[in-house]
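**Student:** Whatever this is, show me its structure:
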Amino acid sequence: MKSVLEVIQATTAYFQKHQVESPRLNIEHLLAHVLGKKRMELYLEFDRPLEDSQLAPLRDLVKRRAAGEPLQHLLGSVDFLGRVFRCDRRALIPRPETEQLAELLLARGRTYRRILDVGTGSGVLALTLAAEIPEAEVHAVDLSPDALTLARENAASLGLAERVHFSEGDLLSTARGEFDLIVANLPYIPTADLTTLEREVQHDPRTALEGGPVGTEIILRLLAEATNHLRGTLALEIGHDQSTALQSALSGHNYQDIQPVADYQGRDRFLFANHG
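**Tutor:** Numbering: from 1, shown residues only. Next up is the predicted model:
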């Protein structure tokens, strides 16, 4: 029988050959998942021998990860600002940039009273804001019924099912009334670039990635529609090369206080603007 450490070392080398990013971290997460433990607990059990009944499900997960299936899909969950969300093929995998967007919104103040999350996906933004700003009325909309089902599952597991109002629709087609915060992480990948994306990203729903021939088409539609419902802040996550064009579009729709914000890699990944 192989020990915990031997399995980690052998699989790390296997992942390296298959170009899996952070290979040791990946196998530690997968092994902890199979054993029903926290990853850090493995460090106290390096010498523990593993039964074949434990290795069999691990082998399947390792094979799928080496083939490019995202770690988050294999684990069935993702951590987002300290909360655990279900994660699968029904919606975009939440990534560090979206976590940063949530952090930026919370750092700007918790005075939002009526919030709308457009293209909510798995619900990470809407549910995080609902949890952190308990006095806010939070709405979330998505075009995908599968994504909304996942978002509702996350709301239930986090005890927030009564706090967020979910609806199915295209952008603001179901919006009623005015909001003092509209936040959106909409598809922004140009159609021609989809085949060049990393293999893990290609497991995300195409509808959550494809922004149109240029990539900004859906965002531009939101900018126009939001002027009828926004009396406060618009917050967007965008492509790294789209900031200049979208700032111009915001000006054209009479948004004020337009502010690009860089992500942790120094790329203009977010836009904030006010209207009304």
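
**Student:** all helices for the stretch 151-276 of the chain, in order.
**Tutor:** Ranges of helices in the stretch 151-276 of the chain, per DSSP state H, counting those that start in this stretch, are 217-226, 243-252.

**Student:** Redo those helices as TSV? Include mean neighbour count, distance to residue 138 and mean pLDDT.
**Tutor:** Quick note: C-beta positions are derived from backbone N, CA and C, even for glycine. Listed next are the helices of the stretch 151-276 of the chain as TSV, based on neighbours: other Cβ atoms under 10 Å; distance: least, Cβ to Cβ, whole Å; pLDDT from 0 to 100:
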stretch	mean neighbour count	distance to residue 138	mean pLDDT
helix 217-226	19	17	98
helix 243-252	16	24	98
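
**Student:** Same list (the ones you listed) but as TSV, adding distance to residue 92.
**Tutor:** Listed next are those as TSV, based on distance: least, Cβ to Cβ, whole Å:
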stretch	distance to residue 92
helix 217-226	13
helix 243-252	20
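
**Student:** of all those, which lies closest to residue 128?
**Tutor:** Evaluated with Cβ to Cβ, these place helix 217-226 nearest to residue 128, the distance being 20.2 Å.

**Student:** tell me what that closest one is packed against?
**Tutor:** With contacts taken as 3 or more Cβ pairs under 8 Å, 6 or more residues apart in numbering; DSSP states H and E, helix 217-226 sits against strand 179-184, strand 210-212, strand 230-237, helix 243-252.

**Student:** who's in contact with it?
**Tutor:** Contact partners of helix 217-226, identified using Cβ atoms under 8 Å, 6 or more residues apart in numbering, comprise 118, 171-172, 182, 184, 186-188, 211-212, 234, 236, 238, 242, 246, 249-250, 253, 255, 275.

**Student:** Now that we have these, which of them are buried?
**Tutor:** 118, 171-172, 182, 184, 186-188, 211-212, 234, 236, 238, 242, 246, 249-250, 255, 275 (16 or more other Cβ atoms under 10 Å).

**Student:** pLDDT wise, what is residue 54 at?
**Tutor:** In this model, residue 54 is scored at 87, pLDDT.

**Student:** Helix, strand or coil: sort out it for me.
**Tutor:** When classified by DSSP: H, G, I helix; E, B strand; the rest coil, residue 54 comes out as helix.
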